[in-house]
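[1] please work out how this folds:
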Amino acid sequence: MLVRFWVNGAEEESLVGTTAAFGSVLPTKTSRASRMPAVYTQPLNGCSASSTKLSGSIALIRRGECDFIIKATVAQQGGAGGVVLINDKEGPLEIACPNNSTISNVTIPVVSLSKAGADIIDEYMKSGKKVEMMLYSPDRPIVDYSVSFIWLMAVGTIVCAALWKKFTEPKESDEYELS
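    As a prediction, this is how the structure comes out:
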């Protein structure tokens, strides 16, 4: 999934994130996604009602201290249009319901950003710039040409390896050398 974002109205390079195992399905087209201002929850952990206005915004919530589903539920109750969970560690963040449940009353999109992506957003937010976000998940193409190319290279390598001995083997001769 992708997070498109704008800083003071200028579009920046999209960030890659992961979607939660709960919450609404992300739109596949940007024309169906909403561009909303990003705001940090107060408290930053999002475990209790935020003192900042979340209505019509993407709630930025730090990882830790309570379950992800609690964070998303609290943000949704505050009127947030989506949640971006900020990872404080490198690598992907798997967002699941507690005890591997699949039951959730969360109806807004919930995604996470890597630490590197979060650092970019932090830098802009801390400098007082207006950050807006759009959460969406573009469809993968039906035919991924890069995968086809890699498959052809693999098959070509196997064919070459199988025939290599035939092409490099010295030719036998019926003539004897006289000494």
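
[2] so in this structure, which helix runs the longest?
    Longest helix of the chain, by residue count under DSSP state H: helix 145-168.

[3] starting at the chain centroid, how far to the helix or strand of the chain with the lowest mean pLDDT?
    Least confident helix or strand, the chain: helix 145-168 with a mean of 80, by mean pLDDT, DSSP states H and E. Relative to its chain's centre, helix 145-168 lies at 33 Å (C-alpha atoms, centre = their mean, to the nearest Å).

[4] mind listing what's buried in that helix?
    Neighbour counts over helix 145-168 (16 or more other C-beta atoms under 10 Å) mark no residue as buried. The way it works is simple: take the backbone N, C-alpha and C, and place the C-beta from them, glycine included.

[5] contacts for stretch 127-135?
    1-9, 17, 26, 30, 33-38, 58, 82, 84, 109, 111, 121, 124-125 (C-beta atoms under 8 Å, 6 or more residues apart in numbering).

[6] for that stretch, buried residues please.
    Across stretch 127-135, burial judged by 16+ other C-beta under 10 Å covers 131-135.

[7] ditto for stretch 52-61
    In stretch 52-61, counting by 16+ other C-beta under 10 Å, buried: 54, 57-61.

[8] which of the contacts of stretch 127-135 are buried? Put it as a PyMOL command.
    Here is the PyMOL command that selects only those of the contacts of stretch 127-135 that count as buried (16+ other C-beta under 10 Å):
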select buried, resi 1+2+3+4+5+6+7+17+26+33+34+36+38+58+82+84+109+111+121+124+125
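
[9] the contacts of stretch 127-135 in helices, which ones?
    Per DSSP H, the contacts of stretch 127-135 map to helices at 121, 124-125.

[10] can you say which two of the buried residues of stretch 52-61 are spatially most distant?
    Farthest-apart pair in the buried residues of stretch 52-61 is 57 and 61; separation 11.7 Å (C-beta to C-beta).

[11] nearest to residue 43, of the buried residues of stretch 52-61?
    Distance to residue 43 across those (C-beta to C-beta) is lowest for residue 61, with 9.3 Å.
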